[in-house]
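In: structure, please.
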Amino acid sequence: MSTFGKWNSYKGGRSWSICQETGMIAVDGPPTDATALVEVREAAEQGPDPIAHIWRTKGEPMTATTFERDFGAALLHAADVSPWEVGHKRCSDIRHASIFAMACIEATRVKRDRSHLDPRSCREEPGYISDEKTPNKVSPGLLQTLISTAREVADRYALYPGELLGREDLMIAERSLVCGAAYMKFQVDRREDDEAGFLNWDPVLLCASYNAGSVRSTTRNNWHLLTYGGNARLEKFIAYYNDWLATFP
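Out: Below you'll find the predicted structure:
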């Protein structure tokens, strides 16, 4: 039977834990009906603790295997450029799984083959005027990092000295993954200023903070973690995250 660490929750929301052997995320119940992509692959009774449900995507993990073929080298580079300091023996695997899962819930799919993520994904937010005037309103690339945010973290971590990153730069898979990973690192670095914290690195809190800009509470979803996408965003992230660790143990 798998061994899980401490069960965490945020302000009375759903509880989750990390499997000490595999690094997978376990949740205290099945996914919501609205998340048809996600299913329970394994459930283990943990004595006085909640039943640990391991969520995965339905069917074979085609997105994980395709992503590794398409962007595996870029993923390795991004994880190396942003060396997160976390107290977990599977640190490198957790970095890779986090970047991959975030791309899965941020990027759009290639229309002719939906197992592929489109590196030229781009989202323009309400209020967008142009890349030059409103770089804080446009999110290009696999990790959909705002141009303004990509520039800020690139400067903070000295990623591309002397360059002013733009839309086309972030539509290069490696650069999008590097800047997105750097923004994840920023969210971990600022944990001392956040009431939730990132004790021993917590991918669920990372997912929420990446999407909402910080860890914030809400009553609009079962997790009580603010995300723009409700239950579905966190549930899909967990399923893809677990897919990666199951596919590349």
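
In: tally of neighbours for residue 171?
Out: With neighbours defined by other C-beta atoms under 10 Å, the count for residue 171 comes to 17. Any C-beta I mention is one placed from the backbone N, CA and C, and that applies to glycine too.

In: one more: the one 3 residues further on?
Out: Burial measure for residue 174: 18 neighbouring residues, criterion other C-beta under 10 Å.

In: and it, how far is that from residue 119?
Out: Per C-beta to C-beta, to the nearest Å, residue 174 is found 9 Å from residue 119.

In: what do the two both touch?
Out: residue 71 (C-beta atoms under 8 Å, 6 or more residues apart in numbering).

In: all the strands of the chain, residue numbers only.
Out: For the chain, the strands identified by DSSP state E occupy 16-18, 25-27, 38-46, 49-57, 122-124, 138-140, in order along the chain.

In: run the chain-centre distance for stretch 108-122.
Out: On the basis of C-alpha atoms, centre = their mean, to the nearest Å, the separation between the geometric centre of stretch 108-122 and that of its chain is 17 Å.

In: okay, buried residues for that stretch please.
Out: Of the residues in stretch 108-122, 110, 115-121 count as buried by neighbour count, 16 or more other C-beta atoms under 10 Å.

In: cool, stretch 59-68 as well?
Out: Going by 16+ other C-beta under 10 Å, stretch 59-68 has these buried residues: 61, 63-68.

In: what's the closest of those to residue 132?
Out: Top of the list for closeness to residue 132, among the buried residues of stretch 59-68 and by C-beta to C-beta, is residue 67 at 31.8 Å.

In: what number of residues are in the vicinity of the nearest residue to the closest one once chain neighbours are set aside?
Out: The spatially closest residue to residue 67, leaving aside those adjacent along the chain, is residue 100, at 5.8 Å (C-beta to C-beta, 6 or more residues apart in numbering). Counted with other C-beta under 10 Å, the neighbours of residue 100 add up to 27.

In: the one 5 residues further on now?
Out: With neighbours defined by other C-beta under 10 Å, the count for residue 105 comes to 22.

In: can you pull the contacts of it?
Out: Here residue 105 is in contact with 207, 229, 233, 236-237, 240 (C-beta under 8 Å, 6+ apart).
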